[in-house]
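Colleague: Structural data only, the sequence is not supplied:
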């Protein structure tokens with residue numbers, strides 16, 4: 001049965017000299033034979049337990065903030081799976097993993113398939129330089145990482161982020177998706193494109 005599983009893992013996020021406690025959504029997309037793991041955060045054992053005996057096609061990172069990648073190498077090694085990341089994320093990746101590079105690039109329009117489900121990479125910079133969402137049209141779902149949340153865009157107050165860029169990414173890449181598309185986020189509750197779309201102008205006003 002093809003679909004999406006997820007586990008919430010807890011740990012910390014550190015950048016620009018600060019550290020915060022965070023809960024992360026780790027998404028596992030595929031069927032009972034093979035899966036893609038999206039955003040390997042904090043707890044490799046919990047993620048591996050959810051994967052079970054399925055083949056891992058790839059460990060996909062929506063972006064390279066440490067709370068989204070801190071278990072990526074451990075899981076890649078455990079499952080013999082490549083780590084995929086947009087190359088614009090290199091400065092952030094290297095803060096956490098200076099001695100290990102991702103195994104492959106994540107490019108706009110790239111298709112990753114697991115269990116018959118196609119995930120299309122949509123590069124949506126702003127929260128970070130190479131933030132990438134994953135759209136699964138047949139599941140009516142987009143995995144947005146930290147680009148779009150229930151209630152607005154991801155944070156842009158730290159290094160390598162831009163408010164104007166994230167708004168442009170949301171406007172041009174995410175909001176044109178069907179309104180009933182479920183938005184599964186990097187942290188917190190899911191929402192839909194149709195729920196968030198009417199609020200774009202107020203986010204812009206609030207952001208400036």
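Modeller: Happy to help now that I have it. Given the structure is predicted, the values throughout are model-derived calculations rather than measurements.
Colleague: all strands of the chain, in order?
Modeller: With DSSP state E, the ranges of strands along the chain come out as 3-15, 18-30, 34-38, 55-60, 83-85, 104-105, 111-114, 117-123, 132-136, 141-145, 148-149, 152-153, 182-185, 191-192.
Colleague: Those: which one's closest to residue 159?
Modeller: The closest of the strands of the chain to residue 159 is strand 3-15. By Cβ to Cβ, the value is 6.5 Å. C-beta: built from backbone N, CA, C; applies to glycine.
Colleague: Pairing partners for the closest one, with directions?
Modeller: Sheet pairing for strand 3-15, assigned by DSSP bridges, gives strand 18-30 (antiparallel).
Colleague: list the contacts for the closest residue to residue 28 other than its chain neighbours?
Modeller: Nearest non-adjacent residue to residue 28, counting by Cβ to Cβ, 6 or more residues apart in numbering: residue 5, 4.4 Å away. Applying Cβ atoms under 8 Å, 6 or more residues apart in numbering to residue 5 gives the contacts 27, 28, 29, 35, 50.
Colleague: For the residues you listed, pick the one with the most neighbours.
Modeller: Counting neighbours by other Cβ atoms under 10 Å, residue 29 leads the contacts of residue 5 with 29 neighbours.
Colleague: Assess the claim that that residue and residue 117 are in contact.
Modeller: Yes - counting by Cβ atoms under 8 Å, residue 29 does reach residue 117; the two are 5.8 Å apart.
Colleague: As a markdown table, the strands of the chain with distance to residue 160 would be great.
Modeller: Below are these laid out as a markdown table (distance: least, Cβ to Cβ, whole Å):
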| stretch | distance to residue 160 |
| --- | --- |
| strand 3-15 | 9 |
| strand 18-30 | 15 |
| strand 34-38 | 20 |
| strand 55-60 | 19 |
| strand 83-85 | 14 |
| strand 104-105 | 18 |
| strand 111-114 | 24 |
| strand 117-123 | 15 |
| strand 132-136 | 14 |
| strand 141-145 | 14 |
| strand 148-149 | 18 |
| strand 152-153 | 15 |
| strand 182-185 | 20 |
| strand 191-192 | 25 |
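Colleague: Packed most tightly, which of those strands would that be?
Modeller: Comparing the strands of the chain by mean neighbour count (mean count of other Cβ atoms under 10 Å), strand 141-145 ranks first with a mean of 27.
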